[in-house]
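In: Predicted coordinates and the sequence they were generated for:
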Amino acid sequence: MNIIDIGNISTFKSVLKKFKNKILIVYFYCEDYQEINQKIESYIKEQCNNNIVFSRINAIKSKDLIDKLDITSYPLIRIYNHQGYTKDVYISIENYSNMLDIIYKCWLNKPLNYTFFL
């Protein structure tokens, strides 16, 4: 599975439109958190299937986009489905494993028309 890097609002809108019939996971990160970044990317790659698209946004390098999306802290995973934005999941080094398991169980293995709120 490829990771889509998003750096501006135009690319973000394009990715949303292109993958509107899939589950889109957007990971907001900064390079200061290399350990958690690697763990999250590895986990998502292992769990994802053809209905899942994984993208990431560097919060430091994409400040205008972060402001536009009203992202105030990171690392953060935001999940979109066919209905649009569904949930923000805040991640830390202490909770990332549990939170990723919840994401997988609640979103990634459900039909596309299923929306679950934590």
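Out: Done, it's in.

In: C-alpha only now, for contacts and for neighbours.
Out: Will do.

In: so for the helix ranked longest in the chain, what's the average pLDDT?
Out: For the chain, the helix with the greatest residue count under DSSP state H is helix 34-47. When pLDDT is averaged over helix 34-47, the result is 82.

In: that's a strand at residue 60, yeah?
Out: No - Residue 60 sits outside any strand when classified using DSSP: H, G, I helix; E, B strand; the rest coil, being coil.

In: Number of residues surrounding it?
Out: Close neighbours of residue 60, defined as other CA atoms under 10 Å, add up to 14.

In: do the same with residue 89
Out: If you count neighbours by other CA under 10 Å, residue 89 ends up with 18.

In: Grab the nearest non-local neighbour of it.
Out: Excluding its sequence neighbours, the residue lying closest to residue 89 (CA to CA, 6 or more residues apart in numbering) is residue 77, at 5.1 Å.

In: How about the secondary structure of the residue nearest the centre of the chain?
Out: Central residue of the chain (CA atoms, centre = their mean): residue 26, 2.3 Å from the mean position. Counting by three-state DSSP, the backbone at residue 26 sits in strand.

In: What distance do you get for it to residue 101?
Out: 16 Å (CA to CA, to the nearest Å).

In: hang on, the earlier thing: what sits against the residue nearest to the centre of the chain?
Out: 54-57, 77-80 (CA atoms under 8 Å, 6 or more residues apart in numbering).

In: out of these, which are inside strands?
Out: 54-57, 77-80 (DSSP state E).
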